[in-house]
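>>> Model the structure of this input:
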Amino acid sequence: MTPQTLLDHLDKGRLWPAPSDLSLEAAYAQALAVRQLRIARGEQPRGYKVGFTNRSIWPRYNVFAPIWGSVWDSTLTLCEGEGSVSLAHTCQPRLEPEVVFGLKATPAAHATLDDLFDAIDWVAPGFEVVQSHLPDWKFVPADTVADGALHARLLVGQRTPVHQLAGNAAALDTLLAKARVALLKNDQVVEEGQGSNVLDGPLRALLHFTQTLRACHGAPDLQAGDLITTGTWTDAWPVASGERWTARFTSPLPNLLVNFTA
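Have a look, this model is predicted:
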C-alpha cells in the first residue's frame, strides 16, 4: 500500500485488504511518509506514542519489541481527570492505561536517565486508544508500524510538574516503576498492572524510545513541547461508545476517567 492508501484507511476506519508485506525498516519509512501527508494537510504533530513496551503481552500479539509512532493535535485530548473521547472512524479500538511525559527541552545526545529527567516538564496519567486495521488484531511487527503504530486517540489527564514528584531521575524511576493501576470498565475492575511492566518502568521506556527514534533514518528528534506516552500497564481492552472507563492509579499518579462517544 502507498502512504496515501494507508492514510485513507486511518481516516475511514476500514480494514486493510491484506497485510502490508513490508520490512520493519520500510514500514517506518512508510509511516514517516504518512506523517508528512498529515502535516501537509494541516495536522500538527504533538509528540509520540511508544507501543509494545509491556513484555507480558508480547506473546499475545506476536510482537517482541517496542514500536513507536506520532500523536497528533487531531488525536489528542487534554483533561484534568475526566474526559470524553470519540471512537468515530476508529477500527477495532482498544484501551490502554499509560504514563505520559511532557518535555521542556530536547534530551541530550546519548541521553542517560539523568539527562531525561532534566528534559522532562511534567508527568501525567494517560489513556491511549489503539486500533488495528487487520482483522482480529492479527499482524506482524511491520504491520503495526505501518498502521500508525496502532495509535487512534490519546487522553492525557492531570499534568504534574516533574519536580513535584521526585528530586532526581533515580527517585522518579523507582516511584513510577512501583506504582500500580486498576483498570475499571463501568466501575468493575477488569485488570491490574504495574509501572515496571513497561521495560522496567516508564522512565526507562522513554529512554529506550529516545535511542530508537534517533536511530531511525529520517525521523525528527524530540523537541520542547513534545509529549510521549510510554506504553500500557495492562493488556489492551476492547471499548465501545457509551462505556465509561477508569484508571485508578496508586500514588503519585492521579486517577483518569474516560467516557466514550460515537
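>>> so what's N168 up against?
The neighbours of N168, taking Cβ atoms under 8 Å, 6 or more residues apart in numbering as the test, are 114, 117. In this view, the C-beta of every residue, glycine as well, is placed from N, C-alpha and C.
>>> now the strands for the stretch 101-250 of the chain?
Chain-ordered strands for the stretch 101-250 of the chain, with DSSP state E, counting those that start in this stretch as the definition, fall at 120-130, 151-156, 160-161, 180-185, 188-194, 227-229, 237-238, 244-249.
>>> Now mean pLDDT too, for the ones you listed, in JSON lines please.
As requested, the strands of the stretch 101-250 of the chain are arranged in JSON lines below (pLDDT from 0 to 100):
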{"stretch": "strand 120-130", "mean pLDDT": "98"}
{"stretch": "strand 151-156", "mean pLDDT": "98"}
{"stretch": "strand 160-161", "mean pLDDT": "98"}
{"stretch": "strand 180-185", "mean pLDDT": "98"}
{"stretch": "strand 188-194", "mean pLDDT": "98"}
{"stretch": "strand 227-229", "mean pLDDT": "98"}
{"stretch": "strand 237-238", "mean pLDDT": "98"}
{"stretch": "strand 244-249", "mean pLDDT": "98"}
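>>> so which of the ones you listed gets nearest F139?
With respect to F139, and counting by Cβ to Cβ, the nearest of the strands of the stretch 101-250 of the chain is strand 120-130 at 11.9 Å.
>>> what pairs with that closest one, and is each one parallel or antiparallel?
Strand 120-130 pairs in its sheet with strand 94-103 (antiparallel), strand 151-156 (antiparallel), strand 160-161 (antiparallel), by DSSP bridges.
>>> Including distance to P202 and mean neighbour count, could the strands of the stretch 101-250 of the chain go into a markdown table?
Supplementary listing: those in a markdown table, determined by distance: least, Cβ to Cβ, whole Å; neighbours: other Cβ atoms under 10 Å:
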| stretch | distance to P202 | mean neighbour count |
| --- | --- | --- |
| strand 120-130 | 8 | 24 |
| strand 151-156 | 14 | 25 |
| strand 160-161 | 13 | 14 |
| strand 180-185 | 11 | 20 |
| strand 188-194 | 11 | 15 |
| strand 227-229 | 9 | 26 |
| strand 237-238 | 19 | 14 |
| strand 244-249 | 12 | 20 |
